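# My questions are about this predicted structure, shown below with the sequence.
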Amino acid sequence: MTDTRVSGTRVAFLGLGAMGRPMAHNVLKAGYPLTVWNRTSARANELRAAGARVADSPRAAAEGADVTITVLTDAEATEAVALGDDGLIGGLRAGATYVDMSTVTPEASRRIGAATLARGAQFLDAPVVGTIGPASQGTLTILVGGDDATFAAQRDLLGTMGSTIVHAGPIGQGTWLKLLVNAMLGVSMQAFFEIAALGQRAGFERRWLIEMLASLPVASGALQRKAPSVVARDFAPQFTLDLIHKDFRQLLEAAGELGVASPLATVTYGMLGQARHGGRGGQDYSVAALQAEELANVALPREESGTTVT
């Protein structure tokens with residue numbers, strides 16, 4: 001049933017990948033009239049069947065929208081869709097709002113934000129914390145940069161996709177906070193993978209060691225949630241190794257602009273890069289546990305030692 005409180009707000013959603021598609025479905029289910037666009041148009045078929053209109057370009061999607069949302073791979077892809085030929089910013093009307101929920105760099109958020117404001121529209125950077133499950137359930141954590149009034153105006157719309165919404169500060173700060181969160185995740189999980197591999201070389205049985213470490217008070221919630229799939233060597237993608245590696249690259253670029261070295265992040269970036277070798281980049285980032293075991297000379301089952309790990 002359409003919610004009359006939101007039915008007048010027209011939303012455009014650009015980027016229908018593993019995260020964007022379920023997020024767009026939640027916006028549509030909440031009663032917002034929805035237009036979608038994706039570079040690979042077949043990914044819009046489910047949403048079209050559910051009642052969304054499909055636009056043929058980013059600009060066309062934004063032209064009819066009060067709020068335009070993007071969920072794209074990285075800063076390069078986002079700037080191309082926002083600022084490129086037939087980009088969405090060219091379709092924004094005065095008074096509209098553009099919400100970028102991609103994980104990009106703070107500088108990219110500020111550039112896109114400035115271009116949006118120059119059109120007489122408003123801008124929020126609002127990257128998300130969470131994987132495919134929370135995206136489907138509408139329980140993501142959303143980290144928002146932008147002015148108070150724009151944040152307040154879009155709070156209900158963001159609430160269709162996330163259960164925890166944090167206003168981090170002005171434009172760019174939502175993006176900064178997301179990169180810090182992912183760096184904390186990556187550094188801590190890489191440490192866990194290496195410690196677990198070392199423990200196996202010291203003679204501990206793999207399953208027992210991983211489950212025991214995950215049960216201790218020092219274990220993070222992320223470690224506790226990921227441990228069963230690491231034990232099972234189930235690396236079906238929730239948050240891919242390619243994406244977390246990209247986020248570390250963006251973090252280090254942003255840190256470099258501040259003149260900060262970030263040595264632990266630098267080492268983790270390198271280790272994640274090594275773990276991508278052998279065709280593993282499209283698997284869940286926890287596949288880096290195999291790289292740690294290989295470096296520690298922990299014997300892997302034959303079928304899991306090559307590029308066919310799933």
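It's in.

# Tell me who's in contact with residue 247.
103, 178-179, 182-183, 186 (Cβ atoms under 8 Å, 6 or more residues apart in numbering). All C-beta atoms are positioned from the backbone trio N, CA, C, and that covers glycine.

# quick one: which of these is nearest to residue 140?
residue 178 (11.3 Å; Cβ to Cβ).

# Show me what residue 68 is bridged to.
Beta-bridge partners for residue 68, by DSSP bridges, are residue 12, residue 98.

# Could you pull up the residues touching residue 122?
95-98, 116, 146-147, 150, 153 are the contacts of residue 122 under Cβ under 8 Å, 6+ apart.

# could you pull out the helices for the stretch 51-200 of the chain?
Using DSSP state H, counting those that start in this stretch, the helices of the stretch 51-200 of the chain run over residues 58-63, 75-83, 106-118, 132-137, 148-159, 173-201.

# which of those is buried the deepest?
Among the helices of the stretch 51-200 of the chain, ranked by average contacts under mean count of other Cβ atoms under 10 Å, first place goes to helix 58-63 (a mean of 23).

# contact partners of it?
If you take Cβ under 8 Å, 6+ apart as the criterion, helix 58-63 is touched by 12-14, 35-37, 55, 68, 81-82, 86-93, 96, 98.

# Kindly recompute the last result at 6 Å.
Applying Cβ atoms under 6 Å, 6 or more residues apart in numbering, the contact partners of helix 58-63 are 12, 14, 35, 37, 55, 68, 81, 86-88, 90-92.

# which among those end up buried?
Buried residues within the contacts of helix 58-63, counting neighbours by 16 or more other Cβ atoms under 10 Å: 12, 14, 35, 37, 55, 68, 81, 87-88, 90-92.

# now, which of the residues you listed lie within strands?
Among the buried ones among the contacts of helix 58-63, the members found in strands (DSSP state E) are 12, 14, 35, 37, 68.

# Bridged to the fourth one, which residues?
With beta bridges defined as DSSP bridges, residue 37 has these partners: residue 14.

# If I look at it, what pLDDT would I see?
Looking at residue 37, its pLDDT is 98.

# and if you look at the one 10 residues further on?
pLDDT recorded at residue 47 is 97.

# For it, give me the backbone phi and psi.
Backbone torsions of residue 47, given as degrees, to the nearest 10, read phi -70, psi -40.

# list the contacts for the nearest residue to it once chain neighbours are set aside?
Closest residue in space to residue 47, ignoring its immediate chain neighbours: residue 36 at 5.1 Å, by Cβ to Cβ, 6 or more residues apart in numbering. Shown in contact with residue 36 (Cβ under 6 Å, 6+ apart): 13, 24, 44, 47, 52, 54.

# and stretch 158-169, which residues are buried?
Within stretch 158-169, judged by 16+ other Cβ under 10 Å, the buried ones are 158, 160-162, 165, 167-168.

# With stretch 247-267 instead?
247-252, 254-255, 262, 265.

# Can you tell me the closest non-neighbouring residue to residue 62?
Residue 62 sits nearest to residue 91 (Cβ to Cβ, 6+ apart), 3.5 Å away.

# got it, and residue 115?
residue 89 (5.3 Å).

# count of neighbours near the one you found?
For residue 89, the count of nearby residues is 21 (other Cβ atoms under 10 Å).

# cool, and residue 131?
Using other Cβ under 10 Å, residue 131 has 17 other residues around it.

# Does the residue nearest to it when sequence neighbours are not counted belong to a helix, a strand or coil?
Using Cβ to Cβ, 6+ apart and skipping the chain neighbours, the partner closest in space to residue 131 is residue 238 (4.0 Å). Of the three states, residue 238 takes coil under DSSP: H, G, I helix; E, B strand; the rest coil.

# burial of residue 238, as a residue count?
There are 19 residues near residue 238, going by other Cβ under 10 Å.

# In contact with it, which residues?
131-132, 284.

# quick revisit: quick one: which of the contacts of residue 122 is nearest residue 73?
Relative to residue 73, the closest of these is residue 98; by Cβ to Cβ it sits at 17.6 Å.

# Done for today, thanks.
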